[in-house]
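Visitor: Take a look and give me a structure for this.
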Amino acid sequence: MRVRSALAIAGLVFGLTLAAATSPVVAAGQATFASPEVAYEQGMSAYRAEDFEQALPALEFAAAHNHFFARFYLARIYSATAYSDHAKAYMLYRGLGDQYADVDPDDDQRAPFVAKALVALASYVKHGVLELRLDPDPERAADYLRHAATFFNDEDAQFELAKLYLEGQGVEKDPVRALHYLAVLTRERKHAGAQAFLADLYWRGGPVERDPATALALISVAVENAPPSERVWIEDIYQDIFCNASEPIRRQAQARVSEWENKYRRAASKDERWAVESVRGIRTCADDRPLVLIGGGQAAAAPPSAPQSAQRGAQPDQAGVMGVALKDASMANTAPGR
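Guide: Okay, here's the model as predicted:
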């Protein structure tokens, strides 16, 4: 068992009150169910099928009865679908983060979900919530991320915190700590976002020398690791680097990818990585050359996407990035049945 979390004790720091954080922010409407558990199961069945219209009343019913996982997935619907309501999402995440900040990170099945709630909450706090007239508060956002990153060992929190340390936003600027987080995420956690972010830093340069071959090799691995929700901006970076890399750089990158794929790529089926076909068309470089994927034994065409949204930062040195190790930790990927 680990010591009780600083965040749980620090209701004072965050200015949260239990009444505000836990008060119902959704109503069950006219829908009725035999029990919150039945409502949750029905809601999650619809959620997994991406039928959010059907999922909402069931999850709202269960959430109104304080069902932890219903509250979490209801917040996901409110924050990231066509049924968005950011005020409700914020309040749900805030309640989860405040109530469960000190659950055992090793033995409580809710712990990974609390960490993700804190990451989502940090994003809201960092940018502000217009609907609630909540002003941006980067320092408070950094506190949420720091707790999720250290107490829960959450990789997404570590990634977001690393970017804050590079920017000096909400925290004192600390490139060394930022690059440590990015290094461990790249090598040990095989985190696609961190890999892509580092690749972009290597490509653009900064306080240290550029390394285009490392950039192309690393972004190639990141593309294959990318989950669907992260593909757009990661493929954008790949397109930028690949299309502007010279043939000698591509050959150097190809040699590195053959080794790095085994070290830094997560196990996943092909259709979970690079999107080969898309109704949106095929990506090409400015000279109409097709975009191909370095490594993996096969070339693949990638779909076009929205403008790149990756944030920039300082460039680490190669030895520091690829040479750091950290104990791996797992994250629950499926919703519990109860």
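
Visitor: going forward, measure contacts between C-alpha atoms and count neighbours the same way
Guide: Noted.

Visitor: any idea which element the most centrally placed residue in the chain lies in?
Guide: Residue closest to the mean C-alpha point of the chain, counted by CA atoms, centre = their mean, is Asp156 at 4.6 Å. In this structure, Asp156 sits in helix 155-167 according to DSSP states H and E.

Visitor: So which bits of that helix are buried?
Guide: For helix 155-167, a neighbour-count test (16 or more other CA atoms under 10 Å) marks 155-167 as buried.

Visitor: Which neighbouring elements make contact with it?
Guide: helix 111-127, helix 138-150, helix 175-187 (3 or more CA pairs under 8 Å, 6 or more residues apart in numbering; DSSP states H and E).

Visitor: re the thing from before, who's in contact with the closest residue to the residue nearest to the centre of the chain other than its chain neighbours?
Guide: Once flanking residues are discounted, Asp156 sits nearest to Val119: 7.3 Å by CA to CA, 6 or more residues apart in numbering. Neighbour list for Val119: 144-145, 148, 156-157 [criterion: CA atoms under 8 Å, 6 or more residues apart in numbering].

Visitor: of all the residues you listed, which two lie farthest apart?
Guide: Of all pairs drawn from the contacts of Val119, the widest gap by CA to CA lies between Tyr144 and Asp156 and measures 12.1 Å.

Visitor: The residue nearest to Tyr124 when sequence neighbours are not counted and Asp154, how far apart?
Guide: Of all residues not flanking Tyr124 in the chain, Tyr90 sits nearest, at 6.8 Å (CA to CA, 6+ apart). Using CA to CA, to the nearest Å, Tyr90 is found at 20 Å from Asp154.

Visitor: Could you do Gly95 as well?
Guide: 19 Å.

Visitor: Val103 too?
Guide: According to CA to CA, Val103 and Asp154 sit 14 Å apart.

Visitor: out of the two, which sits in the more crowded spot?
Guide: Asp154 (26 against 20; other CA atoms under 10 Å).

Visitor: Does that one touch Ala115 like I think?
Guide: Yes. At 6.3 Å, Asp154 and Ala115 qualify as touching, with contact defined as CA atoms under 8 Å.

Visitor: tell me, what's touching these two both at once?
Guide: Among the neighbours of Asp154, those also in contact with Ala115 (CA under 8 Å, 6+ apart) are Ala148.

Visitor: in the stretch 151-300 of the chain, which segments are predicted with low confidence?
Guide: 206-208, 267-282, 295-300 (pLDDT under 70).

Visitor: Distance from the helix or strand containing Trp203 to the middle of the chain?
Guide: Counting by DSSP H and E, the element that carries Trp203 is helix 192-204. The chain centroid and the centroid of helix 192-204 are separated by 15 Å under CA atoms, centre = their mean, to the nearest Å.

Visitor: helices and strands around that helix, which ones?
Guide: helix 175-187, helix 212-225, helix 231-244.

Visitor: Looking at those helices, spot the one closest to Gly205.
Guide: Gly205 lies closest, by CA to CA, to one member of the helices and strands packed on helix 192-204: helix 212-225, at 8.9 Å.

Visitor: what angle separates the closest one from helix 175-187?
Guide: 50 degrees (axes from the mean of the first three to the mean of the last three CA atoms, to 10 degrees).
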